[in-house]
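Student: Could you work out the structure for the sequence below:
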Amino acid sequence: MKKIFYKITVLALIIGGFTSCDNELDQVPFDEFGTENAYVTAADFENAIRGVYASLTFDSFYGGSDSGGMLDAPDVLSDNVTFAQKGRGTRRTLHNWRYGASDEPMGGLYERAYQLIYRANVLLSKSETFEGENKANIIAEAKALRALAHFDLVTFFGKIPTQSGDANGSLGIAYLTEPDPLAEPARETVGSVYDKLVVDLKDAAANINADNGAGRMGKDAVNILLSRVYLYMGQWQNSIDAANAVTTPIAPRNKVVGVWEDGNQEGLAFYIPVEAPILNNSIGVTWSQGSNTTLIPEYVISFELYNLFADDDIRKDAYTFQATNANNGNLLSFNAIKKLYKRDGGAPGKVDIKIFRAAEASMNKAEAYFNLGLEGQARTALDAVRTKRYLTPPSGETGTALRDAIRLERRLEFAFEYQRFFDLKRWGQAVERSNAGDLADGSGTASDQLSLPAASNKFQLPIPQTAKDLNPNLVQNPGY
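Tutor: Numbering: from 1, shown residues only. Down below sits the predicted model:
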């Protein structure tokens, strides 16, 4: 009886989310009069898919959360940031890899991702009654969003196929395709989950509109995600083919700074505008709060990473800024993180959320071509990004130097953009942090923990204990 009560509570949270989040999107709260009456007209399905998108902006998914979500956790867990003593101490357990099952690191993301999946599955289960001309596109959007949520879950809570020889047979997640809130599914293998991701994304890529407008995925966004999934699977040619289907141009050098201040949308394949009716809310404190002269950073760019940006690399201006704060008569200086901070002249936290960019297609191709032994094609794909970032771009590397250049540029291009921890994980590399401190000149205090061995179980976060309490068929990750 207690279990039934918990599940009804979870169902109420899921369905209640439609009302609260969809109101922000000017949606009809159709859960109030039952799903049978909700999915009748084309407008109902349009409202429903917007409700699925609204799930992305939940606080601990892509909406920003002090406990960690997609916007910060992949960098907090990695070597890109240093814990700032001036901040409030958020995500410190996550940053120091001191989490256990009861701590529920990323528990909010786990819950919110499955809420999105539930919404997508409800829509898909009702789609046979939908006769609107936009039917194929909306079904494709639902499958793409379902895949994105499952992908984010499996990268945190399971291994990545290229991570180790046993990864495909190891514990993945439950891949849900039916809207049954009382189901108690077991975890599937990593290999099975990735196969299902490919099926959903290929279906989506074949049927989604080329452009669905701001705040919604289109064909390029789906193909970028599909290319990334294939890259993680080690299916190099498939990753290249998906990336080659992307038509959005890479942002030119003179537009890069403006992208992160919302001055333009060059190179963006999928982003969520902060204004109504899409989000109409601040994403909160991702990295810092306060102004340039009163900054309170939660994390700062690591001194090591900051110095990897060449002086003629426009990303140094686009991704970082210099800030200060008085402290007992002393002026503290920081190498602060500009991404997701604010618009030029705007309030902190009021900024669009960028999820997929065209540059990833080229970076995925560069890595995949290299792994196929096609170094010329790999350099060409790499230089397609580098020529738009440097005044004098490096080039000409071969062999191991080329591999390292590809990995370096991937780190620089997607710093503070939800990928670094997963890149280290899939390459089978340890997290090795600099022992430099949190101040701009490398002094100050370093992060508490500096090294996470490649074989550590902490690369797979624990399944939240509350989820295991609800579903006895969930098996915990080894080591927790």
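
Student: what about the chain, any weak spots by pLDDT?
Tutor: 1-37 (pLDDT under 70).

Student: try 80 this time
Tutor: Where the chain drops to pLDDT under 80, the residues are 1-38, 277-281, 328-329.

Student: gap between the residue with the largest distance to the centre of it and residue 295?
Tutor: Relative to the centre of the chain, the most outlying C-alpha is that of residue 329, 39.3 Å out, by CA atoms, centre = their mean. Per CB to CB, to the nearest Å, residue 329 is found 17 Å from residue 295. To be clear about C-beta, it is placed using only N, CA and C from the backbone, and glycine gets the same treatment.

Student: related to what we said a few turns ago, state the distance from the residue farthest from the centre of the chain to residue 146.
Tutor: Residue 329 sits 55 Å away from residue 146, going by CB to CB.

Student: And the residue nearest to residue 223 when sequence neighbours are not counted, how far from residue 148?
Tutor: The shortest distance from residue 223 to any non-neighbouring residue, by CB to CB, 6 or more residues apart in numbering, is to residue 245 (4.4 Å). The gap separating residue 245 from residue 148 is 17 Å, by CB to CB.

Student: More neighbours: which of these two?
Tutor: The residue with more neighbours, out of residue 245 and residue 148, is residue 148; 29 against 15, by other CB atoms under 10 Å.

Student: ok, that one - contacts?
Tutor: 56, 225 (CB atoms under 8 Å, 6 or more residues apart in numbering).

Student: Dihedrals phi and psi, it?
Tutor: Main-chain dihedrals, residue 148, degrees, to the nearest 10: phi -60, psi -40.

Student: Now do the helices in the stretch 351-480 of the chain.
Tutor: For the stretch 351-480 of the chain, applying DSSP state H, counting those that start in this stretch gives helices covering 359-371, 375-386, 399-413, 420-426, 465-470.

Student: If you count neighbours, what's buried in the last one?
Tutor: Going back to what we said before, that points to helix 465-470. Neighbour-count burial for helix 465-470 flags 465-467, 470 (criterion: 16 or more other CB atoms under 10 Å).

Student: got the CA positions of that helix in PDB?
Tutor: Below are the C-alpha coordinates for helix 465-470, written out as PDB (Å, rounded to 0.1, in the frame of the first residue of the first chain):
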ATOM      1  CA  GLN A 465      17.800   5.700  -3.500                       C
ATOM      2  CA  THR A 466      14.300   7.100  -3.800                       C
ATOM      3  CA  ALA A 467      14.000   5.600  -7.300                       C
ATOM      4  CA  LYS A 468      15.200   2.200  -6.000                       C
ATOM      5  CA  ASP A 469      12.600   2.500  -3.200                       C
ATOM      6  CA  LEU A 470       9.900   3.000  -5.800                       C
END
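
Student: and residue 403, what does it touch?
Tutor: For residue 403, the contact set (CB under 8 Å, 6+ apart) comprises residue 370.

Student: who's in contact with the helix or strand harbouring residue 203?
Tutor: Element membership of residue 203 [criterion: DSSP states H and E] is helix 190-207. With CB under 8 Å, 6+ apart as the test, helix 190-207 has contacts from 136-137, 139-141, 143-144, 146-147, 150-151, 154, 158-161, 167-173, 175, 177, 188, 217, 219, 222-223, 225-226, 229-230, 232-233, 242, 245.

Student: circling back to that earlier point, out of the helices of the stretch 351-480 of the chain, deepest packed?
Tutor: With neighbours taken as mean count of other CB atoms under 10 Å, the helices of the stretch 351-480 of the chain reach their highest mean count in helix 359-371, at a mean of 25.

Student: What angle do helix 375-386 and it make with each other?
Tutor: 160 degrees (axes from the mean of the first three to the mean of the last three CA atoms, to 10 degrees).

Student: Please state the offset of helix 359-371 from the chain centre?
Tutor: From the chain centre to the centre of helix 359-371 is a distance of 18 Å (CA atoms, centre = their mean, to the nearest Å).

Student: Helix 399-413 and that one, what's the angle between them?
Tutor: Using the same axes, to 10 degrees: helix 359-371 against helix 399-413 is 160 degrees.

Student: re earlier: turn the buried ones among the contacts of helix 190-207 into a named ChimeraX selection, would you?
Tutor: To isolate the buried members of the contacts of helix 190-207 in ChimeraX, using 16+ other CB under 10 Å:
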select :136,137,139,140,141,143,144,146,147,150,151,154,158,159,160,161,167,168,170,171,172,173,175,177,188,217,219,222,223,225,226,229,230,232,233,242
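
Student: re earlier: the residue nearest to residue 223 and residue 224 touch, don't they?
Tutor: No: Residue 245 is beyond contact range of residue 224, at 9.2 Å (criterion: CB atoms under 8 Å).

Student: Grab the CA positions of stretch 51-62 and hand them over as PDB.
Tutor: Coordinates of each C-alpha in stretch 51-62 appear next as PDB, following Å, rounded to 0.1, in the frame of the first residue of the first chain:
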ATOM      1  CA  GLY A  51       4.600  20.600 -22.800                       C
ATOM      2  CA  VAL A  52       7.300  18.000 -23.600                       C
ATOM      3  CA  TYR A  53       9.700  20.800 -24.400                       C
ATOM      4  CA  ALA A  54       8.800  22.600 -21.200                       C
ATOM      5  CA  SER A  55      10.100  19.500 -19.300                       C
ATOM      6  CA  LEU A  56      13.600  20.400 -20.600                       C
ATOM      7  CA  THR A  57      13.500  23.600 -18.600                       C
ATOM      8  CA  PHE A  58      12.800  21.900 -15.200                       C
ATOM      9  CA  ASP A  59      15.300  23.300 -12.700                       C
ATOM     10  CA  SER A  60      17.500  20.200 -12.400                       C
ATOM     11  CA  PHE A  61      17.400  19.300 -16.100                       C
ATOM     12  CA  TYR A  62      18.300  22.100 -18.500                       C
END
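
Student: Pull out the buried positions in it.
Tutor: Neighbour counts over stretch 51-62 (16+ other CB under 10 Å) mark 51-62 as buried.

Student: Just the ones of the residues you listed in helices?
Tutor: Cross-referencing those against helices under DSSP state H gives 51-56.

Student: got JSON lines for those, with distance to residue 114 too?
Tutor: Converted to JSON lines, these look like this (distance: CB to CB, whole Å):
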{"residue": "51", "distance to residue 114": "15"}
{"residue": "52", "distance to residue 114": "13"}
{"residue": "53", "distance to residue 114": "16"}
{"residue": "54", "distance to residue 114": "15"}
{"residue": "55", "distance to residue 114": "10"}
{"residue": "56", "distance to residue 114": "13"}
